[in-house]
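1. for reference, the sequence and a predicted model appear below.
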Amino acid sequence: MESVYQFTVKKTNGEELSLKEYEGKPLIIVNTASKCGLTPQFKGLQELYDQYKDQGLEILGFPCDQFNNQEFDNIEETTQFCQMNYGVTFPIFAKIDVNGNNADPLFTFLKEQKRGILSKTIKWNFTKFLVDRNGQVVERYAPNTEPDKILEDLVKLL
């Protein structure tokens, strides 16, 4: 059975990381942007992380510049922005594409597992995917879904 654990992702320093590192943990995987109207969702994501990380929750943030160029060019600026403005301590990875020919394979998989309302395509920043402890995508949330609205589904996985 395919799962998110079959993928590797790039850390901000360019090193590859196998998602097997997160095996057995519920995940929220989200494409982020630092200069977006939805950027304040970092606060809600961090609150979820703070509240549930001891129960295994991991949040994986993937900066994306595909929607109106709302991400810094330099990944260090991105991570500093997230830490300074929202106290983000969950992992932020290297900038990726989530749609198109250069879409990151992880996000291609996520989109295949859970379509959006009208298509597989990710429509905007802060599309969130909830993944169970077996690496299976159980839900996809629209960009405007606030992190606290995921709570009911998340608690079932903890």
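-> Perfect, I can see it now. Residues are numbered from 1 along each chain as shown.
2. mind checking which helix or strand of this protein has the lowest mean pLDDT?
-> Within the chain, confidence by mean pLDDT, DSSP states H and E is lowest for helix 75-86 among all helices and strands, at a mean of 89.
3. and the next helix or strand after it, what does it pack against?
-> Downstream of helix 75-86, the first helix or strand assigned by DSSP states H and E is helix 105-113. Identification of packing neighbours for helix 105-113 by 3 or more Cβ pairs under 8 Å, 6 or more residues apart in numbering; DSSP states H and E yields strand 27-32, strand 137-141. Just so you know, the C-beta spots here come from the backbone N, C-alpha and C atoms, and that holds for glycine as well.
4. dump those to JSON lines, plus distance to E76 and mean neighbour count.
-> Converted to JSON lines, these look like this (distance: least, Cβ to Cβ, whole Å; neighbours: other Cβ atoms under 10 Å):
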{"stretch": "strand 27-32", "distance to E76": "15", "mean neighbour count": "24"}
{"stretch": "strand 137-141", "distance to E76": "28", "mean neighbour count": "19"}
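5. one step back: which strands and helices sit next to the least confident helix or strand of the chain?
-> Counting by 3+ Cβ pairs under 8 Å, 6+ apart, helix 75-86 packs on helix 41-52, strand 58-63.
6. thinking again about what came up before, next, format the helices and strands packed on helix 105-113 as TSV and append mean pLDDT and distance to T8.
-> Formatted as TSV, those follow (pLDDT from 0 to 100; distance: least, Cβ to Cβ, whole Å):
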stretch	mean pLDDT	distance to T8
strand 27-32	97	14
strand 137-141	96	17
